[in-house]
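Asker: Sequence first, then the predicted structure, then my questions.
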Amino acid sequence: MMNCFKIIFYTLFFSASYINAMEIKQTTYAYWGKPDVELFYITPKKIDKDTKLLFVIHGNSRNAEDYISAWLPYVKNKNVILVAPRFDKRNFRYFFLLESANSSGVINIDSNDYINTSISSFFNFFKSKFSLSTNKYMMFGHSAGAQFVHRYMLFGNDQRISNTVIANAGWYTFLNGANFPYGINNSPIDISETNLRWFMSNRSSLLIGSNDISLENVNSSKGARNQGGTRVDRANNYFNVLIDIAEKENIPLRWTYKVIDGVGHDYKEMTAEAANILLQNINSFD
């Protein structure tokens with residue numbers, strides 16, 4: 001019995017020690033004509049031809065380091081680089097709209113402000129920095145970060161995204177019926193038919209916590225209210241519209257939708273769900 005206890009204790013101690021040893025590094029991205037962005041990142045034990053890359057997008061609290069820290073238990077033996085950009089509020093107040101509009105729907109006519117190529121640029125940076133072989137990357141976003149991720153897929157025109165998890169978004173850019181940013185009509189950023197089809201047929205998981213029904217800090221503009229009363233309603237309506245369009249346009253829909261029972265507006269709980277989805281095919285170290 002004592003030997004068994006020692007083995008369990010050593011295993012727990014070793015695991016905790018390794019997680020603590022995983023250093024969150026930080027670099028400033030300044031290689032573009034926009035304000036600097038702080039990039040927090042974690043690297044695996046070793047980087048080789050099989051190393052993958054996953055971007056973690058924070059919510060409106062801009063706590064990128066907390067978001068990437070929540071992933072530590074899930075990547076401790078995985079061959080993946082995690083990157084969490086921090087879009088600070090002073091320079092990127094409406095990052096979740098790619099700086100193309102504000103929360104009330106007023107469009108920003110200065111396209112130089114748009115950040116619809118940001119993640120692509122960050123990916124190129126890390127691919128070069130670590131001589132990565134992969135030509136694909138994954139994305140996870142929660143709350144405002146989830147808004148960022150689905151809009152980035154729509155308007156970023158970077159089809160190197162292999163898989164995404166969009167969790168607890170407050171509101172969406174629908175693919176029918178409404179003017180931008182609530183829908184794609186009259187968008188300041190062109191969406192080609194090819195990219196629209198790719199958006200729907202790429203692997204994405206739309207997650208919503210069943211208890212994420214508080215109206216506090218939820219966009220209450222008319223355009224957002226038209227999408228549903230709560231985050232749960234809006235997520236369900238968004239997915240149903242995707243299904244309708246896919247059937248009408250004969251587009252293969254590779255999105256999945258899941259309500260996470262008993263979970264509210266909690267990025268840590270959603271990280272656990274996202275890790276199960278995004279890390280399942282990532283190689284583990286012995």
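Answerer: Looks like it arrived, so ask away. Just so we're clear, the structure is a prediction, and the values are computed from it rather than from any experiment.

Asker: ranges for the strands of the stretch 151-286 of the chain?
Answerer: Applying DSSP state E, counting those that start in this stretch to the stretch 151-286 of the chain gives strands spanning 161-167, 174-179, 183-185, 203-209, 255-260.

Asker: Just the strands from the stretch 1-150 of the chain, written as ranges.
Answerer: 25-29, 37-42, 52-57, 80-86, 137-142.

Asker: For my notes, please list those strands in a markdown table and give mean pLDDT, mean neighbour count and distance to F130 for each entry.
Answerer: Where C-beta positions appear, they are placed from N, C-alpha and C, glycine not excepted. As requested, these are exported to a markdown table (pLDDT from 0 to 100; neighbours: other Cβ atoms under 10 Å; distance: least, Cβ to Cβ, whole Å):
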| stretch | mean pLDDT | mean neighbour count | distance to F130 |
| --- | --- | --- | --- |
| strand 25-29 | 98 | 13 | 12 |
| strand 37-42 | 98 | 20 | 10 |
| strand 52-57 | 98 | 26 | 9 |
| strand 80-86 | 98 | 24 | 7 |
| strand 137-142 | 98 | 27 | 12 |
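
Asker: With distance to S69 as extra columns, can I get these in TSV?
Answerer: Shown next, in TSV, are the strands of the stretch 1-150 of the chain (distance: least, Cβ to Cβ, whole Å):
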stretch	distance to S69
strand 25-29	13
strand 37-42	9
strand 52-57	10
strand 80-86	9
strand 137-142	14
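
Asker: for the protein, which spans come out with low pLDDT?
Answerer: For the chain, the stretches with pLDDT under 70 are 1-21.

Asker: 80 instead?
Answerer: 1-22, 286 (pLDDT under 80).

Asker: check contacts around Y182.
Answerer: Each residue near Y182 by Cβ atoms under 8 Å, 6 or more residues apart in numbering is listed here: 105, 171-174, 223-224, 226-227.

Asker: what do you get if the cut-off is 6 Å, keeping everything else the same?
Answerer: Applying Cβ atoms under 6 Å, 6 or more residues apart in numbering to Y182 gives the contacts G223.

Asker: cool, and the one 5 residues further on?
Answerer: Shown here is S187, whose contacts under the criterion Cβ under 6 Å, 6+ apart are F180.

Asker: That concludes my questions; thank you for your assistance.
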